[in-house]
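Student: predicted model and sequence follow; I will ask about them next.
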There are 2 protein chains.
Amino acid sequence: MENKFRSSCPVTSAIDIVGDKWTLVIIKQMLTEDKKTFKGFTESSEAIATNILSSRLKMLEEFQIIKKEKLPNNKKVNIYTLTEKGLALAPTIIELTIWSTDNFRNYHPDMYSGDQIKMIKNDKENYINLLIKNYKEKNWLK
Amino acid sequence: MENKFRSSCPVTSAIDIVGDKWTLVIIKQMLTEDKKTFKGFTESSEAIATNILSSRLKMLEEFQIIKKEKLPNNKKVNIYTLTEKGLALAPTIIELTIWSTDNFRNYHPDMYSGDQIKMIKNDKENYINLLIKNYKEKNWLK
DNA sequence: CCGGATCCGTTTCGATACTG
DNA sequence: CAGTATCGAAACGGATCCGG
């Protein structure tokens, strides 16, 4: 794969991928909401348009952040799953969740309780490892 | 401030802010490259257009992620600095840097050395605390 | 039905010029 | 220096269509 990045700065390169609303929404949904089909993403509360979704899935696949497969017994439905590279974004997503919860709680009375976030903070590494382990067990061994 | 978010999901709300290329670029530049003036941002390698920069600074200020001030002895130059809320994004930025370095190294022969990243990983919390402490010392006590 | 592709009006971007 | 104004180009996103 040739270099698709505009900038030579490492963080900025990541920003070319992550600094996009829909890309982040998709990854978050895969990681924390068990979403894995085209239909599933469109049905989410965020209501992504099909053409936008299509373009983002394609991009994420090109960067090998997700992979597309079909189940052996179902030729219709495409299953999108996070690759190792995609799962490596878990810490970033978690930090973002913590930041959002800490700073915009007043907008979201229904988000994580203080205790939940405190628990995550207290054993962040473990929490992330568990999240990744669960994801793999659920999605990688068919 | 009224609720400006479209979604009730905490992470998605953060994505409304962070899921934007230029927002992330600006915060990264403030945190890791000592950028703090309008001119400074435009001169960066990322070459942000002045109208886009203007709109993003305004948005970040509204969310109290940055604040705008003038130096007492200089009425011309505006100084933008990260607030406590903005500095709380440091962990997210660092995780993003690590992810990018781990996964796109081949595109960037000039980024952090393996040893540097290893050091950051080994003592992430300390590294982040130091980054924040240094930022405050440099920018908050004039 | 599912997974997209296409069309098309609307919004946003972004390069440059311009102003206080 | 710190932004606005302008304007063509690009992206968005809602609706619809289409192959399997």
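Tutor: Cool, got the structure.
Student: from now on I want contacts and neighbour counts done on CA atoms only, so please keep to that.
Tutor: Noted.
Student: flag every residue of chain A that's near DNA strand D.
Tutor: By CA under 7 Å from any atom of the strand, the part of chain A that sits against DNA strand D consists of A:47-52, A:76.
Student: and those residues as JSON lines, adding pLDDT, secondary structure and neighbour count?
Tutor: As requested, those are arranged in JSON lines below (pLDDT from 0 to 100; DSSP: H, G, I helix; E, B strand; the rest coil; neighbours: other CA atoms under 10 Å in any protein chain shown):
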{"residue": "A:Ala47", "pLDDT": "80", "secondary structure": "coil", "neighbour count": "11"}
{"residue": "A:Ile48", "pLDDT": "91", "secondary structure": "coil", "neighbour count": "16"}
{"residue": "A:Ala49", "pLDDT": "94", "secondary structure": "coil", "neighbour count": "12"}
{"residue": "A:Thr50", "pLDDT": "96", "secondary structure": "helix", "neighbour count": "13"}
{"residue": "A:Asn51", "pLDDT": "97", "secondary structure": "helix", "neighbour count": "8"}
{"residue": "A:Ile52", "pLDDT": "96", "secondary structure": "helix", "neighbour count": "12"}
{"residue": "A:Lys76", "pLDDT": "88", "secondary structure": "coil", "neighbour count": "8"}
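Student: mind picking the two most distant members of the residues you listed?
Tutor: Across these, the two members that end up farthest from each other (CA to CA) are A:Ala47 and A:Lys76, 22.0 Å apart.
Student: quick one: low-confidence ranges for chain A?
Tutor: The model of chain A has pLDDT under 70 over residues A:1-12, A:106-111, A:141-142.
Student: spell out, range by range, the strands that occur in it.
Tutor: When secondary structure is read from DSSP state E, chain A shows strands at A:66-70, A:78-82.
Student: quick one: the ones you listed as JSON lines, columns for mean neighbour count too.
Tutor: Putting the strands of chain A into JSON lines (neighbours: other CA atoms under 10 Å in any protein chain shown) gives the following:
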{"stretch": "strand A:66-70", "mean neighbour count": "16"}
{"stretch": "strand A:78-82", "mean neighbour count": "20"}
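Student: which parts of chain A are helices?
Tutor: A:10-18, A:21-33, A:38-43, A:50-62, A:84-87, A:90-103, A:114-122, A:124-139 (DSSP state H).
Student: let me know which of those is the nearest to B:Glu95.
Tutor: Taking CA to CA, helix A:90-103 is the member of these nearest to B:Glu95, at 5.2 Å.
Student: quick one: is that closest one near chain B?
Tutor: Yes. On the criterion CA under 8 Å from any CA of the partner chain, helix A:90-103 is in touch with chain B at A:91-93, A:95-97, A:99-101, A:103.
Student: got the phi/psi numbers for A:Lys36?
Tutor: Phi and psi for A:Lys36, reported as degrees, to the nearest 10, are phi -150, psi 0.
Student: point to the residue nearest the middle of chain A.
Tutor: Of all residues in chain A, the one closest to the mean position by CA atoms, centre = their mean is A:Ile27, 1.7 Å from it.
Student: measure that one to A:Asp34 for me?
Tutor: Between A:Ile27 and A:Asp34 the computed distance is 10 Å (CA to CA, to the nearest Å).
Student: what of A:Glu43?
Tutor: 13 Å.
Student: count of neighbours near the nearest residue to A:Ile48 once chain neighbours are set aside?
Tutor: The spatially closest residue to A:Ile48, leaving aside those adjacent along the chain, is A:Thr42, at 5.4 Å (CA to CA, 6 or more residues apart in numbering or on different chains). Here the neighbour count serves as a burial measure; for A:Thr42 (other CA atoms under 10 Å in any protein chain shown) it reads 15.
Student: surely A:Thr42 and A:Ala49 touch.
Tutor: Yes. With contact defined as CA atoms under 8 Å, A:Thr42 reaches A:Ala49; the gap is 6.8 Å.
Student: and chain A, which residues reach DNA strand C?
Tutor: A:37-40, A:50-51, A:54-55, A:76-79.
Student: change it to 6 Å
Tutor: Within reach of DNA strand C by CA under 6 Å from any atom of the strand, chain A has these residues: A:37-39, A:50-51, A:54, A:76-78.
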